[in-house]
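A.B. asks: sequence and computational prediction follow.
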Amino acid sequence: MTTATATTVTATTSDLLAPEPIDDPAAHRVLTGDRPTGPLHLGHYFGTLHNRVRLQDQGVEMFVLVADYQVITDRDLADRLAEHTENLVLDYLAAGLDPERATIFAHSAVPALNQLLLPFLSLVSVAELSRNPTVKDEIAHSSQAAVNGLMFTYPVHQAADILFCKADLVPVGQDQLPHLEVARTVARRFNERYPHADGSAVFPRPRALLSEAPMLLGTDGGKMSKSRGNAVALGATEDETARIIRGAKTDTERRISYDPENRPEVSGLVLLAALCQDRAPETIAEEIGDGGAAALKRTVTESVNEYFRPMRARRADLAADRGHLRQVLHDGAERANAIADATLAEVRQVMGAI
Ligand code: TRP
């Protein structure tokens, strides 16, 4: 029950992973999501957000889901849920997601999506649910004394998130691969059990889109996470950014190098500057050379503040209009509901429920 690994799915990864870049953008529908638990940080940005905007700009149809029900899988209280949801939308828009092209919505606002959970649950065994390594890991990190039923069945709920709109590509991190495998299993079993009269399948088998996303470490050298206080938020001010980076852990060697294996903290900072400057980390390290940690941190702070300045300015403008954020969610839910209603009707029809 300690560390989640994707090792259990490696046997099928070639089948599970989609190639990048995408050849025919118009032939795909992408769905991805986040839990509304706090502001997005630079790790999210360079890990996934950046990639989503790129996919959107390539003309791929995008669905971006705010997983508000998921929040109550591992905590008793969904604290400030509406505020976190709106702020997530704010981060999305600031980062460049365009609500005219991407459908942004909260899954709790789409009843038919949630109803898909019922037939889907009948397709997986309790033993399969209890083997899921991501669930095991999330349980290990959960603040709850007992595992609740929603946590246990969560991967199936996530299958509904993905399949309601028949998404075929799901950009996720390594840790989510077991969940994606569940969605694929659900799709395959549903299609086998309930084909259309002409034999055609209701659902595609969604594939993961793993970007070569850099793993950014937090300023303490651990996993970057808002709750650990070691992350720079997308919407942080320039002063906050400087303060957090000034406090970052480094090491005693004066000469700066890029050596993730042996110098994870220093290399993490070099990588962050490199991503912001769109240059090789080795070059950045070379330039700082004997300048030591102080020079490194100055470079990182300037690079981050410069790169994110336009995004932060846009974010500040958007933040002033909460009504607009709610409207984006409202419009997104309307589109998602129309699609979910049609999928549920199709599901009920092939099941003979009408
Ligand atoms: N489980 C994902 C996470 O914890 C968030 C999520 C919810 C998601 N539904 C999704 C991701 C559907 C991809 C597709 O980060």
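C.D. replies: Everything's here; your move.
A.B. asks: which element follows the helix or strand bottoming out on mean pLDDT in the chain toward the C-terminus?
C.D. replies: The weakest-scoring helix or strand in the chain, judged by mean pLDDT, DSSP states H and E, is helix 13-16 (a mean of 75). Next helix or strand after helix 13-16 toward the C-terminus (DSSP states H and E): strand 29-34.
A.B. asks: ok, that following strand near the ligand or not?
C.D. replies: Yes. When contact is scored as CB under 6 Å from any ligand atom, part of strand 29-34 falls within range of the ligand: Leu31, Thr32, Gly33, Asp34. The way it works is simple: take the backbone N, C-alpha and C, and place the C-beta from them, glycine included.
A.B. asks: next one: stretch 148-155
C.D. replies: No. Against the ligand, stretch 148-155 shows no contacts by CB under 6 Å from any ligand atom, the least distance being 7.5 Å.
A.B. asks: and that stretch, which residues are buried?
C.D. replies: Met151, Phe152, Thr153, Tyr154, Pro155 (16 or more other CB atoms under 10 Å).
A.B. asks: which residues does that stretch contact?
C.D. replies: If you take CB atoms under 8 Å, 6 or more residues apart in numbering as the criterion, stretch 148-155 is touched by 69-70, 72-74, 117, 121, 129-130, 132, 134-135, 138-139, 142, 144, 157, 178-179, 182-183.
A.B. asks: are any of these buried, and which?
C.D. replies: Buried, going by 16+ other CB under 10 Å: 69-70, 72-74, 117, 121, 129, 132, 134-135, 138-139, 142, 157, 178-179, 182-183, out of those.
A.B. asks: next, count neighbours for the residue of the stretch 201-350 of the chain found nearest the ligand.
C.D. replies: The nearest approach of the stretch 201-350 of the chain to the ligand comes at Pro206, 8.6 Å away (CB to the nearest ligand atom). Neighbour count of Pro206, defined by other CB atoms under 10 Å: 24.
A.B. asks: quick one: pLDDT of it?
C.D. replies: We have a pLDDT of 96 for Pro206.
A.B. asks: got a list of what it touches?
C.D. replies: Applying CB under 8 Å, 6+ apart to Pro206 gives the contacts Leu31, Ile162, Leu163, Ala167, Asp168, Leu169, Val170, Leu180, Ala183, Arg184, Ala187.
A.B. asks: from Leu344, how far off is Ala159?
C.D. replies: Counting by CB to CB, to the nearest Å, the gap from Ala159 to Leu344 is 14 Å.
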